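S.K.: here you go, sequence then predicted model.
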Amino acid sequence: MDRLKALGRLLPRLAVAVAAGVLLGFAFEPHDLPWLTIVAVPLFLAALHGISMKAGFLVGAGFGIAYYAVLVPWLSIIGGDAAIALAILEGLFYAVFGLFATQVLKVRLWPLWIPCLWVATEFATASVPFGGFPWGRLAWAFSEQPLGRLAAYIGIPGLSFVVAFIGVLVYAVLRRGTALRMRAVALVAGLAIVFGSALIHLSLAGNGKSVTAAMVQGNVPGKGLEFLGRARTVTRNHLKATLELEQRVQAGTEKKPDLVIWPENSTDIDPYKDDETRADIEEAVHAVNVPILVGAVTEGPGENERQTTGIVWDPQTGPGQRYAKRHPVPFGEYIPFRDQLLPYIHRLEMIGAQTVPGVGPGVMPIRGVTYGDVICFELAYDNVIQDVVKGGAQVLIVQTNNATYGGTGQPEQQFAITRMRAIETGRTVLIASTSGISGVIRPDGTVEHKSAQFVPDVYVASVPLKDGHTLATTIGPWPQRVLTLIGLLGLVLALIERRRRGDRTPPPPAAGSAQVREKVPA
């Protein structure tokens, strides 16, 4: 009976947490309401305030599951069970956050510990399992806001901290029992961060040099999973678009590019082993007479294995430099525990051969310009971006294939992540997608070109080359490490304080003791 009463008291808080998770999901593309973060975070903290650790786990789970259910419904294209499983998995990280935040909210300096603990939670989601899923970071919501410019100085983890901190400050202002002085300080600090970010100016200047590149979006013959198995048509669509580009160059209506970029999966048939695919690529390369960065699926290195690659195909020397995707998508490009799962989940057979991750960053010097090649999903991983920039990349390239998720909001989310990477690195980003969204993003995050989805699109851009580093790329992973350690320190202090409170609580009197008898009337 007592448990039912406790559950009844918890239900309103759980409802508030679920509502907060839904609101946070709507902060991101395709809804793009980023300032809902400063509503969702305080609501979540209010639901956690003053409850037990076990209750905090349940409240946190409700928040996290609702958050990811709204954030990644596009995964239902693969299957509703996949979307539910991912929401539950990621929701468990916020359940752990809720478990510990109930105690951290009780100690001094909680406005510092809580946003650091949030960064630690995002770090965990981006790391495990199977390499993590860094799609739900608060920073991604601010690609079009002045606050997003802070990423050039403190990186993506630092920006997530700032967003969470603003939410904490709002909660501090509204929290019952907060001293008037504390409310004033929190209000002033929050306003200073928001309005101060509007004064940040990001430089677009390069080293005085530029490069001209063409992004080719050849389009695919169908939506959803329909395009699978139509690899030759996809390749020929990109060949056709490239030949049309060369016709415009010859007519003088288009500037000749120094490099042509084809997207991820512009050929799903290994061009090293298939003569017809190789002939299509070489026809395109010889027509434009400049290197083409081809997105190809290649066989090997082992039996029933493959790699998702970017191959530099030169008109004189043929295929040369090659980058293999380092973070393939679990259950999308490869199957963890393949031998154990395939007998029970036959749908996984659609994935085909096991994609093997590459080794080393996609740093590609091509005719005097150093490019940093990143392939699709791995764009969200900090180490992939840091490695190509530290390797000397002057321009970033994103080869992607979002045809499976066209029209679901996923391409818009990825485009927003790409914009944040441009701001963080101070580099122009060139995006080539099979079916959209392709485009060009300047170093300050502004969009020069953004294609529609499921239409052919070829865009030629002259972009500056950048050799310098932003503060964010200079300090690399240290903001995440430091903020995570601070969050864990706050957690340790909170658990120590909890233990002390437990030690100071007098034990209940034994039955029949003098204390009990005093309360019994004569």
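M.R.: Great, that's in hand. From a predicted model like this one, the values you see are computed outputs, not experimental measurements.
S.K.: please read off the pLDDT at the closest residue to residue 35 other than its chain neighbours from the model.
M.R.: Nearest non-adjacent residue to residue 35, counting by CB to CB, 6 or more residues apart in numbering: residue 27, 7.5 Å away. Where C-beta positions appear, they are placed from N, C-alpha and C, glycine not excepted. In this model, residue 27 is scored at 98, pLDDT.
S.K.: poorly predicted segments of this structure, please.
M.R.: 1, 222-229, 503-522 (pLDDT under 70).
S.K.: select the longest strand from it.
M.R.: Of all the segments assigned as strand in the chain under DSSP state E, the longest by residue count is strand 305-314.
S.K.: what about the residue nearest to residue 35, how many neighbours?
M.R.: Neighbourhood size, residue 27 [other CB atoms under 10 Å]: 24.
S.K.: so it touches residue 141, yeah?
M.R.: Yes: judged on CB atoms under 8 Å, residue 27 makes contact with residue 141 at a distance of 4.5 Å.
S.K.: got a list of what residue 262 touches?
M.R.: With contact taken as CB atoms under 8 Å, 6 or more residues apart in numbering, residue 262 is in contact with 216, 218, 238, 242, 292, 293, 294, 295, 399, 432.
S.K.: quick one, phi psi at it?
M.R.: When read as degrees, to the nearest 10, the backbone of residue 262 gives phi -100, psi 150.
S.K.: report the contact partners of the residue nearest to the spatial centre of the chain.
M.R.: Centroid check for the chain by CA atoms, centre = their mean gives residue 135 as the closest residue, at 3.3 Å. Counting by CB under 8 Å, 6+ apart, residue 135 touches 71, 72, 380, 413, 417.
S.K.: any idea how far the first one lies from residue 36?
M.R.: Pointing back at residue 71 there. Residue 71 is 12 Å from residue 36, where distance means CB to CB, to the nearest Å.
S.K.: quick one: which of these two has more around it?
M.R.: Set residue 71 next to residue 36 and count neighbours by other CB under 10 Å: residue 71 wins out with 26 against 19.
S.K.: from residue 94, how far out is the more buried one?
M.R.: Distance from residue 71 to residue 94, by CB to CB: 12 Å.
S.K.: equivalent analysis for residue 45, please.
M.R.: Distance of residue 45 to residue 94, given as CB to CB: 12 Å.
S.K.: with neighbour numbers in mind, choose between these two.
M.R.: residue 94 (29 against 24).
S.K.: could you find the closest non-adjacent residue to that one?
M.R.: Among residues not flanking residue 94 along the chain, residue 64 sits closest, at 2.9 Å (CB to CB, 6+ apart).
S.K.: wait, isn't that neighbour in contact with residue 90?
M.R.: Yes: look at residue 64 against residue 90 with CB under 8 Å: they come within range, at 6.1 Å.
S.K.: what about those two, which has more around it?
M.R.: The neighbour comparison of residue 64 against residue 90 (other CB under 10 Å) goes to residue 64, with 30 against 22.
S.K.: that's a helix at the more buried one, yeah?
M.R.: Yes: the assignment for residue 64 (DSSP: H, G, I helix; E, B strand; the rest coil) places it in a helix.
S.K.: what residues are up against it?
M.R.: Contacts of residue 64 by CB under 8 Å, 6+ apart are 21, 87, 90, 91, 92, 93, 94, 95, 97.
S.K.: what's the most distant pair in the residues you listed?
M.R.: Pairwise distances across the contacts of residue 64 (CB to CB) peak at 15.5 Å, for the pair 87 and 97.
S.K.: the two - which one has more neighbours?
M.R.: Remark: of residue 87 and residue 97, residue 97 carries more neighbours, 27 against 23, as counted by other CB under 10 Å.
S.K.: give me the buried positions along stretch 19-33.
M.R.: 19, 20, 21, 22, 23, 24, 25, 26, 27, 28, 29, 32 (16 or more other CB atoms under 10 Å).
S.K.: which residues of the stretch 251-400 of the chain fall in helices?
M.R.: Using DSSP state H, counting those that start in this stretch, the helices of the stretch 251-400 of the chain run over residues 275-288, 338-341, 382-390.
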